[in-house]
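K.L.:
just coords:
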Ligand code: B1M
């Protein structure tokens with residue numbers, strides 16, 4: 001718990017050196033790095049968001065702390081992915097394309113989803129952020145993926161997920177792919193409304209939903 005508290009504090013203080021030191025410490029103590037990421041650093045990320053909301057943090061401060069969170073996320077995911085460990089029992093193999101939708105640069109959560117899916121045995125193609133629906137579909141066709149997963153963190157960019165569903169129907173491609181949506185403003189109701197096949201609230205649930213979609 002002490003390490004988790006320190007991890008939270010490191011993000012709030014935007015202290016990258018301390019954060020990397022804590023990762024090493026957790027590795028040495030053989031602690032679960034995913035727990036450290038989600039419950040420790042993740043709590044710090046949540047806290048900076050809340051502070052920004054309440055006007056206690058300026059945008060440059062938010063950007064700086066978020067950059068530290070991103071570097072920390074990448075470091076931990078790098079370690080976990082190179083371990084080649086299987087975290088879950090659902091080894092439902094399949095290919096998933098992930099993208100944060102056009103106009104949206106939030107990619108920390110999507111990175112965690114990508115890593116969790118990889119750890120669970122899926123092949124993940126991550127197109128990054130600000131990806132237009134046309135590019136998503138083009139790549140999905142080229143790579144013959146099973147599932148297209150989109151992430152949206154802004155209420156103003158969720159509409160891109162609807163745009164993708166529309167494009168899939170209009171081009172006759174809907175039958176060829178399962179779709180999945182996620183990101184803080186998304187809900188199961190939203191997924192149903194736009195015609196997406198799946199929704200998940202977090203990275204762990206994303207694995208279960210993806211496994212179900214390719215059953
Ligand atoms: Co911004 N931002 N941000 N931001 N940011 C939010 C989302 C916001 C809620 C903050 C706020 O005002 N309270 C708000 C959105 C308001 C709204 O639309 N209703 C907001 C805003 C307004 C903005 C800007 C417009 C600010 C500005 O410029 N004025 C700007 C937008 C720029 C743009 O995108 N065009 C902006 C910028 C930024 C930073 C660059 C500073 C940084 C992003 C860095 C990065 O991602 N590379 C940032 C951050 C960090 C946040 C908050 C603080 C944290 C987001 C995050 O990383 N969460 C966020 C407030 C908050 O959420 N408390 C906020 C942690 C992450 C692990 O969770 O992303 O939810 P999350 O992912 C989860 C689940 O959602 C789910 O699993 C993940 C892991 O469990 N999930 C999926 C996600 N995708 C999924 C896909 C799936 C399945 C599950 O299947 C495909």
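P.N.:
All right, it came through fine. Every value quoted in this text rests on a predicted model; they were computed, and no experiment measured them.
K.L.:
run a quick neighbour tally on the spatially closest residue to residue 194 that is not a sequence neighbour.
P.N.:
With sequence-adjacent residues excluded and distances taken as C-beta to C-beta, 6 or more residues apart in numbering, residue 194 is closest to residue 162, at 4.3 Å. From N, CA and C alone the C-beta is placed, and that goes for glycine too. By other C-beta atoms under 10 Å, 17 other residues sit near residue 162.
K.L.:
verify the stated contact: residue 162 with residue 192.
P.N.:
No: the pair residue 162 / residue 192 is not scored as a contact, 11.8 Å apart, by C-beta atoms under 8 Å.
K.L.:
what does this protein have sitting close to the ligand?
P.N.:
Applying C-beta under 6 Å from any ligand atom, we find that the chain lies next to the ligand at 42, 45-46, 48-49, 52-53, 59, 62-63, 66, 70, 98, 103-110, 112-113, 149-151, 153-156, 180-185, 200, 202-203, 206.
K.L.:
my guess is residue 135 meets residue 141, correct?
P.N.:
No: when contacts are counted by C-beta under 8 Å, residue 135 is not listed as touching residue 141 (10.9 Å).
K.L.:
hmm, who's touching the helix or strand hosting residue 11?
P.N.:
Applying DSSP states H and E as the criterion places residue 11 in helix 2-12. Residues from elsewhere that reach helix 2-12 (C-beta atoms under 8 Å, 6 or more residues apart in numbering): 15-16, 18-19, 22, 25-26, 29, 31, 35-36, 39-41, 43-45, 47-48, 51, 65, 68-69, 72.
K.L.:
give the ChimeraX command for selecting the buried subset of those.
P.N.:
To isolate the buried members of these in ChimeraX, using 16 or more other C-beta atoms under 10 Å:
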select :15,16,19,22,26,31,36,40,41,43,44,45,47,48,51,65,68,69,72
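K.L.:
can you tell me which of the contacts of helix 2-12 are in helices?
P.N.:
In this view, these that belong to helices under DSSP state H are 16, 18-19, 22, 25-26, 35, 43-45, 47-48, 51, 65, 68-69, 72.
K.L.:
if we can go back for a sec, now, the residues of the chain next to the ligand that are in strands?
P.N.:
With strands taken from DSSP state E, the overlap with the residues of the chain next to the ligand comprises 98, 149, 150, 151, 180, 181, 182.
K.L.:
wait, which of these is closest to residue 215?
P.N.:
Nearest to residue 215 among those, counting by C-beta to C-beta, is residue 180 at 13.6 Å.
K.L.:
low pLDDT regions in the protein?
P.N.:
The model of the chain has pLDDT under 70 over residues 83-92.
K.L.:
re the thing from before, need the buried ones from the residues of the chain next to the ligand selected in ChimeraX.
P.N.:
In ChimeraX, this line selects whichever of the residues of the chain next to the ligand come out buried by 16+ other C-beta under 10 Å:
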select :42,45,48,52,62,66,98,104,106,107,108,109,110,112,113,149,150,151,153,154,180,181,182,183,200,203,206
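K.L.:
if we can go back for a sec, quick check: the farthest pair among the ones in strands among the residues of the chain next to the ligand?
P.N.:
Across these (C-beta to C-beta), the longest gap, 11.0 Å, separates 98 and 181.
K.L.:
so what sits against both of those two?
P.N.:
With C-beta under 8 Å, 6+ apart, residue 98 and residue 181 have common neighbours 149, 150, 151.
K.L.:
appreciated, that's everything.
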